[in-house]
Structures are given as structure tokens and as C-alpha cells.
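Engineer: no sequence on this one, just coordinates:
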């Protein structure tokens, strides 16, 4: 049974997200996925592409896309949801693997390690058109574009932040020392990574477009123009002074070049950097993730209020509808808010979900 999403619904999704980006939508964006729809065919034998399966290269790109298609056929798309596949399956910061780092998913999650230990002065980031991971991602994009003809949006793979990419070649303790001992070498590599990041981003989009029905990434927010969820998870371990020198200039340059941009504020250690991030004129929004063991996203008005005061958009992660209610109480309205939940609901929930969505003005 084909994926249940018509061209007319795609047009409605585009219109609502464009209005949201432009500040013209008075309600939040709330995508909801419901499983249990009958695909009308047997499950294909290929594994579902994920971090734990991404190294199984014996399966063709077409076979993997067929399995993804089967999964999408089993879904109903409520609220602001749309047919989408998250290409974070090669791990957070796969740009490091494109540059020669070793990709290891033996734990079930992808991590990156240096192929060999080298002094920082001997590390140089160069483009390799034959890199096996870059070629694999391109093959999957080509197969997806051929299969779906614009009905499914394939997100940009998780290229990573530049300090995070560098930390794959200089594991965290070494890179922390490099900030003091070899600051000029760190800056050199950050800007080399910047140029490579953009080469990968543009080259992958050249495969996706014009068939892909828009732009998105691991953050799942739809855009009708190039966009990305930027990050610098390594910055959790450095203070504001180091952040201003080693992270902020590259983020400013990338935001200026992107059509639309968000920042992934990951954990309480990054809160001291928030004022500097919000000072980036071209940054459009911020995603806040409190971190393991912390209160959920309903409990951080001290993080959300500065984002709203800077007139930027907010992505709320998990917490359910009560998180949206809490945020509305804290901010006064949910204009400019996007909710991303990880719950996959079942068919029996549909009526209640539709009632909940209606509370926020979503039909």
C-alpha cells in the first residue's frame, strides 16, 4: 500500500512551515506519527538503516530504501508530520568519517576514532571523492530520489560540528590541551573542516535536489530553503572565553551562509554560551536538550525566555503535550515553537491525539 501522503498534504506542510519560518503562524508546529497502518506487503529482508546496521554494506542502497519505504507505509502522519527519513544513521558527526576517521558501531551506536595517532601539526583535512562513507550516503540519496520521486524527504546526514569533527582526530583530552598548547593549529583545522563541511553539504544537496521536497536534517524541521541544525557538543567542556575564540566565529560564518539555521544547545554545560549564540544575527532558532538525569523540557524557562527575547524560534524535545502547555504558560504563546517528540503512537491513540492537536489549533 503506498505511503499515505498526497501532493495536496505536502503543499499544506510547505505552506505552514514557511509561515512558521516567516513568523506568520500563530500556533506551534507539532508533528505526530502513528504506527500500525497495514503496508499491504511482507516486510523486506533488508535491515532498517540505523546506527547499529549502517556498516552492513552487503545490502544495496535500493534494498535499504525499500525497507525504509515499508516502514513509512506503516505510518499515519498527523498534525505537521510528513514522510521523512532521518539520515543520522551514520552517527553524529559523520563528516569525520568522510575525512578519514574510523567509524565504529560495535556498541550499537556510532563513534569516530582517528585512523592513526598523529601530532596536530601533521593533521590536514582534504577531500576524498572515493571515501566509502561519502559514497554510501550518496548512493542512498540517489536510490531514495529514484524511489520516492519527491514524496519522501530525506534529511541531510549528521555532518557534525567542526570542534566535534576535530575531536574525532584529537580525542577530547588531547584537543582540550591543544586549545592551550597549539591554538593556531586548532584554528587552522577548524577552518579546514569548515571548508570541507560546506563541500560535503553542497555536494550531498546536489544529489538530493531538485527531487527532494525540501530541506531538513536530524532536527526534522522542514524548510523550503537550505537549513541545518548546527552543533558544537565539545563546547560543553570549555568556558565562554574559549567558546568565543574557537567555536563562535565558525558558527557565525556558517549561519551567514545558510538560508536558515538552528543551534543544538546540548546540556547545562552549554548554557553559559547561550548569550553569545543568541547574538548571532543570522541564527534563526535554538533546540534545547537538558541532558540525562535533568528535568524534562517543560522545566527550563530560564533557557527559553532568552530565546524568545532574542526573537528566535524554539524547538522543544520530548515532554509530550504537557511540555507545550508549560511552555505556553512560561512564554505567553507558542508562536515560533516546534515540538519534536520521539514517541511513536498506535492506531488506538489517534482520536485522543487529534483532540490534543486541536487544542493547539492544529487540524
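Structural biologist: That came in fine, so what should we check first? Computed from a predicted model, the values in this text were never measured in an experiment.

Engineer: going forward, measure contacts between C-alpha atoms and count neighbours the same way
Structural biologist: OK.

Engineer: so what's residue 228 up against?
Structural biologist: Counting by Cα atoms under 8 Å, 6 or more residues apart in numbering, residue 228 touches 156, 216-217, 258, 260-262.

Engineer: what segments of the stretch 101-250 of the chain are helices?
Structural biologist: In the stretch 101-250 of the chain, the helices defined using DSSP state H, counting those that start in this stretch lie at 132-148, 162-169, 172-181, 183-208, 240-246, 248-257.

Engineer: beta partners for the nearest residue to residue 251 once chain neighbours are set aside?
Structural biologist: Using Cα to Cα, 6 or more residues apart in numbering and skipping residues adjacent in sequence, the residue nearest residue 251 is residue 230, 7.7 Å away. Beta bridges link residue 230 to residue 263, judged by DSSP bridges.

Engineer: quick check, central residue of this protein?
Structural biologist: Residue closest to the average C-alpha location in the chain (Cα atoms, centre = their mean): residue 218, at 2.2 Å.

Engineer: tell me the spacing between residue 108 and residue 119.
Structural biologist: According to Cα to Cα, to the nearest Å, residue 108 stands 30 Å off from residue 119.

Engineer: where along the stretch 251-363 of the chain do the strands fall?
Structural biologist: Along the stretch 251-363 of the chain, counting by DSSP state E, counting those that start in this stretch, strands occupy 260-266, 285-289, 313-317, 337-340.

Engineer: looking at those strands, which is closest to residue 37?
Structural biologist: Distance to residue 37, taken as Cα to Cα, is lowest for strand 337-340 among these, at 21.5 Å.

Engineer: what's the closest one packed up against?
Structural biologist: strand 313-317 (3 or more Cα pairs under 8 Å, 6 or more residues apart in numbering; DSSP states H and E).

Engineer: what angle do the strand it packs on and strand 285-289 make?
Structural biologist: Strand 313-317 and strand 285-289 meet at an angle of 20 degrees, taking axes from the mean of the first three to the mean of the last three Cα atoms, to 10 degrees as the criterion.

Engineer: next, the buried residues of strand 313-317.
Structural biologist: Residues 313-317 are the ones in strand 313-317 that count as buried (16 or more other Cα atoms under 10 Å).

Engineer: which residues are contacting it?
Structural biologist: Contact partners of strand 313-317, identified using Cα under 8 Å, 6+ apart, comprise 284-289, 297, 304, 307-308, 323, 336-341.

Engineer: run the last query once more with 7 Å
Structural biologist: Residues from elsewhere that reach strand 313-317 (Cα atoms under 7 Å, 6 or more residues apart in numbering): 284-289, 297, 336-341.

Engineer: which of those residues count as buried?
Structural biologist: By neighbour count, with 16+ other Cα under 10 Å, the contacts of strand 313-317 hold 284-289, 297, 336-341 as buried.

Engineer: now those as TSV including distance to residue 93?
Structural biologist: Shown next, in TSV, are the buried ones among the contacts of strand 313-317 (distance: Cα to Cα, whole Å):
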residue	distance to residue 93
284	22
285	20
286	19
287	17
288	19
289	17
297	24
336	27
337	26
338	23
339	23
340	21
341	22
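
Engineer: list just the nearest of these to residue 70.
Structural biologist: Closest approach to residue 70 among those (Cα to Cα): residue 341, at 21.7 Å.

Engineer: ok, now which ones touch the closest one?
Structural biologist: By Cα under 7 Å, 6+ apart, residue 341 lies in contact with 317-318, 320.

Engineer: residue farthest from the centroid of the chain?
Structural biologist: When distances are taken from the C-alpha mean of the chain, residue 181 lies farthest, 32.6 Å away, according to Cα atoms, centre = their mean.
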